[in-house]
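Undergrad: sequence plus the predicted model coming up.
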Amino acid sequence: MWLGAWAWHDVTARLRSAGHDVHPLTLTGLADRAHTGGPHTDLDTHATDVVALIETEELSDVVLVGHSHGGSVVALAADRIPDRLRRVVYVEGGPLPNGTRQLDTLDAQSQDRIREQVGDGWLVPPREWDADQDPVLLRGLDAPTLAMLARRCTGHPFGSVSQPLKVSGAAAAVPRTLVACTFTADQVREMIAQGHPFFGGVAGADILGLPTGHWPMFSEPDRLADLLAEID
């Protein structure tokens, strides 16, 4: 949420220097594509963005990576083109359970606050980047990075977080990996066993630990790139 392809600059550069073909993607309504979105922009739109890139570039044997809420985006995209994928990698959060919205992960008060912020518009305003208020998720981000995030983030299409994820199961056989940062790998395994909705869609996935905050593409870009490069 709130980011674009620009957020992956350092990770992309390191992967390309190692010989990988990398295609970071800005979703409709965000960052350099903010002008392309509108009230119609939803989770289907964002999944279509991913599918369109892969099909237009005629890519195959793809390792498809999604971060946080992007997990649901890539899960829906994978459901549409499983034959083009080698693996789906979820960084800091997997796809939500089928029929669940991103909004459903919040308490009722938080949901109401977001709806109030959106009002008659279609964008969820950017989050606050205050490490004092959120030291766990913002771990590893220094003051210049936090200032840059506050400056460059854009609103996120409300339809993307208010539309339920609905997949057919067509990508069930595609191997999956979860990169866990704010939780340890063992904690994630326990949460999966308990049926926690954050990780309900990654049961049976390979789980890799990268101890840092919620945005490893900024806090640990080299380590994240190296980890992705090693995934088979």
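TA: Great, that's in hand. Fair warning: this is a prediction, and the values are worked out from it, not measured in the lab.
Undergrad: make it CA atoms for all contacts and neighbour counts henceforth
TA: Will do.
Undergrad: residues touching residue 73, list them.
TA: For residue 73, the contacting residues are 43-44, 46-47, 66, 95, by CA atoms under 8 Å, 6 or more residues apart in numbering.
Undergrad: columns distance to residue 169 and neighbour count on top of these, output as TSV?
TA: Converted to TSV, these look like this (distance: CA to CA, whole Å; neighbours: other CA atoms under 10 Å):
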residue	distance to residue 169	neighbour count
43	17	26
44	16	18
46	19	23
47	15	23
66	18	20
95	12	25
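Undergrad: can I get these in TSV with pLDDT and secondary structure?
TA: Formatted as TSV, the contacts of residue 73 follow (pLDDT from 0 to 100; DSSP: H, G, I helix; E, B strand; the rest coil):
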residue	pLDDT	secondary structure
43	98	helix
44	98	helix
46	98	helix
47	98	helix
66	97	strand
95	85	coil
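Undergrad: where exactly do the helices run in this structure?
TA: 9-17, 43-56, 70-80, 108-118, 143-152, 158-162, 185-193, 216-219, 221-230 (DSSP state H).
Undergrad: the longest one packs against which elements?
TA: If you count contacts as 3 or more CA pairs under 8 Å, 6 or more residues apart in numbering; DSSP states H and E, helix 43-56 packs onto helix 70-80, helix 158-162.
Undergrad: wait, what's in contact with the nearest residue to residue 183 once chain neighbours are set aside?
TA: Nearest-residue entry for residue 183: residue 211, 7.7 Å, with adjacent residues in sequence omitted and distances by CA to CA, 6 or more residues apart in numbering. Contact analysis of residue 211 by CA under 8 Å, 6+ apart lists 180-184.
Undergrad: any idea of the pLDDT on residue 211?
TA: You'll see residue 211 listed with a pLDDT of 97.
Undergrad: residues near residue 55, how many?
TA: With neighbours defined by other CA atoms under 10 Å, the count for residue 55 comes to 12.
Undergrad: please apply the same query to the one 5 residues further on.
TA: Residue 60 is flanked by 14 other residues according to other CA under 10 Å.
Undergrad: again, but for residue 100
TA: For residue 100, the count of nearby residues is 18 (other CA under 10 Å).
Undergrad: now do the helix or strand of the chain with the lowest mean pLDDT: distance to the chain's middle.
TA: Here the helix or strand of the chain ranked lowest by mean pLDDT, DSSP states H and E is helix 185-193, holding a mean of 91. Centroid separation for helix 185-193 versus its chain: 19 Å, with CA atoms, centre = their mean, to the nearest Å.
Undergrad: next, the closest residue to residue 46 other than its chain neighbours: phi, psi?
TA: Spatial nearest neighbour of residue 46, excluding adjacent residues (CA to CA, 6+ apart): residue 27 at 5.8 Å. Main-chain dihedrals, residue 27, degrees, to the nearest 10: phi -80, psi 160.
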